[in-house]
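Pasting the sequence and the predicted coordinates here, then a few questions.
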Amino acid sequence: MSAGLSIRGLSKAYVPGKPVLRDITLDFAPRGVTAIIGPSGTGKSTLIRCINRLVEPSGGSILLDGEDIVPLRGRALRLTRRRIGMVFQEYNLVERLSVMENLLAGRLGYVPLWRAALRRYPAGDLDRAFALLDAVGLPEHATRRADALSGGQRQRVGIARALMQRPALLLADEPTSSLDPRTAVEVMELLTRLTAEEGVPVIVNIHNVELAKRFCGRVIGMHQGEVVFDGPPEAIETRHLTQIYGGEDWM
Amino acid sequence: MTTRRAFAPNWQGRAALAALTLYCVYAAAQLDVSWARLVTGLGEGARFLGRMWPPNFSRWETLSEGMIESIQIAVLSSAAGILLSLPLGLMAARNLSPWWISGPTRGFVALCRSLHYVIVAILFVKALGFGALAGIAALTVASMGFIAKLFAEAIEEISMKQVEAVRATGAGPVAVLLYGVLPQVASRFVGFCIYQLDSNLRNSTLVGIVGAGGIGGTLFAAFKRFDYDFVAAILLSIIALIFVTEVVSARVRKAMQ
């Protein structure tokens, strides 16, 4: 189920002449957690959003299991998107829907529209949703409205929603940046454990270098739209961090 | 002693005020609005009120027939207006629809609102003939103009992050509407609909005056026949109806929160 991902010469410019991503080429194994670190505004989010096409790349190709997904449109794009789960910085739950409805939103790419509209999901989807609620530690919260949850609880629902898609790849865009330090660790622990159990490779944007080192098997450092470091966390030295973030005063 | 000015004199403002006062005096003289005219008018009003009392409910069958027709016009036009407003509002929202759809839709909605509903009712009476159908059509147009505009504005204020998250799951466009957009605007939409039903009940009592069905026609006929005691009965019934709907809609709105 898990998919290998190759990015070839990817570039993106929101404004012509001002590229946010410059000729990124990366390969991701179909397993393990990869962290992307770098200062704000360096294109980490744009890179991740290009992979599920929430942002349109300006050039290059993105190969998921060998198939270039950049030219995909309409139904073909949706069929690819449903294989890519995403966890967001601000959780992006549908606030007025229940926790269960938010989880089942992860099945929208699979179930027929009438089932989604009438909330008549297949029994297998409901079982999976309850199992994931247990796994993320919110067994009693199925019928609560999403806006009644705390930040940490919301991000747990966000992770469960992404896993409902039975994704071949999971993207996480700053999943811990809106959380307090302790909850951030708990959420990262949960994210890496559940995805490891299901064999889903993860690409995670993260501000916190310590969290990246602790939970990720590979770290990619970006600076001004380019990859300036790529290796295991043990290999990161001060000079790399200087190169990624610039200056030394903050260390 | 200081010669410095703390406040600049506003000569334009003073001149405009003076001109406005002069024009009011002129217009009043032109229209023969004078104290003597007001006193005569008040005397007429007292006699009129005297003839209205006591209200005459003896023709209650005609009365209730008209009231029921008005209520039916209001309910049907609200239902039709709400149904048509859903797609119109979605199409008019600039954050979901491309400009070449939202632009013309906004124009159409503005057109629905531009004419007063009584004028629209007159047009429909000419086009469709006398009766309730013309009233329903007129109030449907008014409802579309109101609900579709407010609905579109509500949609333009939603959080696109929630929409983006639903889109990222691979959901199709209709599923994105059902799970990402409508939950964010549903309660406000219901609020607009109740408000519109409220004002349609009020408005449906008037369209009959131009021949578009409902209690308004009965009222107008009673006026023309100088049946002022029956007029009083009709007016009291309308006031009672509006009062009841106010209470009911306030209850419903409160229950929704």
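Received, thanks.

Give me the helices and strands touching the lowest-mean-pLDDT helix or strand in chain B, please.
In chain B, no helix or strand scores lower on mean pLDDT, DSSP states H and E than helix B:35-52, which sits at a mean of 83. For helix B:35-52, the elements it packs on are helix B:228-256, judged by 3 or more CB pairs under 8 Å, 6 or more residues apart in numbering or on different chains; DSSP states H and E. The way it works is simple: take the backbone N, C-alpha and C, and place the C-beta from them, glycine included.

name the helices or strands packed onto the helix it packs on?
For helix B:228-256, the packing partners by 3+ CB pairs under 8 Å, 6+ apart are helix B:35-52, helix B:60-92, helix B:182-204, helix B:215-224.

hmm, back to that, in the least confident helix or strand of chain B, what's buried?
residue B:52 (16 or more other CB atoms under 10 Å in any protein chain shown).

Around residue 31, count how many other residues there are.
Picked chain A for this. Neighbourhood size, residue A:31 [other CB atoms under 10 Å in any protein chain shown]: 14.

meant chain B, my bad for not saying
The burial count for residue B:31: 9, using other CB under 10 Å.

Let me see the contact set for the residue sitting nearest the centre point of chain B.
With distances taken as CA atoms, centre = their mean, the residue of chain B nearest its centroid is residue B:199 (5.2 Å). When contacts are counted by CB atoms under 8 Å, 6 or more residues apart in numbering or on different chains, residue B:199 is found next to residue B:146.

Return the per-residue confidence for it.
Confidence at residue B:199, expressed as pLDDT, is 89.

What helix or strand is residue B:126 located in?
Counting by DSSP states H and E, the element that carries residue B:126 is helix B:117-128.

who does that helix touch, helix- and strand-wise?
Helix B:117-128 packs on helix B:132-156, going by 3+ CB pairs under 8 Å, 6+ apart.

got the buried residues for the helix it packs on?
Neighbour-count burial for helix B:132-156 flags B:132-155 (criterion: 16+ other CB under 10 Å).

For the helix or strand just after it, give the mean pLDDT please.
Of the helices and strands lying after helix B:132-156 in sequence (DSSP H and E), the nearest is helix B:160-168. For helix B:160-168, mean pLDDT is 94.

Run through who's touching stretch A:79-87.
With contact meaning CB under 8 Å, 6+ apart, stretch A:79-87 is reached by A:3, A:48, A:51-54, A:64, A:69, A:72, A:106, A:108-110, A:155, A:158-159, A:161-163, A:165, A:167-173, A:175, A:191, A:200, B:165, B:167-170.

what are the phi and psi angles of whatever residue of the stretch 101-250 of chain A ends up closest to chain B?
The nearest approach of the stretch 101-250 of chain A to chain B comes at residue A:109, 2.7 Å away (CB to the nearest CB). When read as degrees, to the nearest 10, the backbone of residue A:109 gives phi -80, psi -10.

likewise residue A:86?
Here is the backbone geometry of residue A:86 (degrees, to the nearest 10): phi -140, psi 140.

do the one 5 residues further on as well
Per-residue torsions, residue A:91: phi 70, psi -40 (degrees, to the nearest 10).

for residue B:8, same thing?
Torsion angles, degrees, to the nearest 10, at residue B:8: phi -70, psi 130.

Please apply the same query to residue B:55.
Dihedral angles for residue B:55 - degrees, to the nearest 10 - are phi -60, psi 140.

separation between it and chain A?
Look at residue B:55 and chain A: by CB to the nearest CB, to the nearest Å, they are 48 Å apart.

Could you report the neighbour count for that residue?
Neighbours of residue B:55 (other CB under 10 Å): 16.

Okay, now the unreliable bits of chain A?
A:1-2, A:248-251 (pLDDT under 70).

quick one, longest helix in it?
The longest helix of chain A (DSSP state H) is helix A:181-198.

Whichever helix or strand comes after that helix: partners in the sheet, and parallel or antiparallel?
Next along the chain after helix A:181-198, taking DSSP H and E as the criterion, comes strand A:202-205. The pairing partners recorded for strand A:202-205 under DSSP bridges are strand A:33-37 (parallel), strand A:169-173 (parallel).

Same list (the ones you listed) but as TSV, adding mean neighbour count.
Output for the strands paired with strand A:202-205, formatted as TSV (neighbours: other CB atoms under 10 Å in any protein chain shown):
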stretch	mean neighbour count
strand A:33-37	24
strand A:169-173	25
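
circling back: what's the closest of the helices and strands packed on helix B:228-256 to residue B:17?
Checking these against residue B:17 by CB to CB gives helix B:35-52 as the closest, at 23.8 Å.

CA atoms only for stretch A:203-220 - export them in CSV, please.
Extracted C-alpha coordinates of stretch A:203-220, given in CSV (Å, rounded to 0.1, in the frame of the first residue of the first chain):
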residue,chain,number,x,y,z
ILE,A,203,6.8,13.6,5.5
VAL,A,204,6.6,16.2,8.2
ASN,A,205,7.4,19.9,8.2
ILE,A,206,8.5,20.9,11.6
HIS,A,207,10.0,24.0,13.3
ASN,A,208,11.3,22.2,16.3
VAL,A,209,14.8,20.7,15.5
GLU,A,210,14.8,18.7,18.7
LEU,A,211,11.4,17.0,17.8
ALA,A,212,12.7,16.3,14.3
LYS,A,213,15.9,14.6,15.7
ARG,A,214,13.9,12.6,18.2
PHE,A,215,11.2,11.3,15.9
CYS,A,216,12.5,11.3,12.4
GLY,A,217,14.9,8.9,10.7
ARG,A,218,15.9,11.4,8.0
VAL,A,219,16.1,15.2,8.2
ILE,A,220,16.0,17.5,5.2
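
list the contacts for the residue of the stretch 101-250 of chain A closest to chain B?
Contacts of residue A:109 by CB under 8 Å, 6+ apart are A:78, A:79, A:81, A:82, A:165, B:169, B:170, B:171, B:172.

what about the fourth one, neighbour count?
When neighbours are defined as other CB under 10 Å, residue A:82 has 22 of them.
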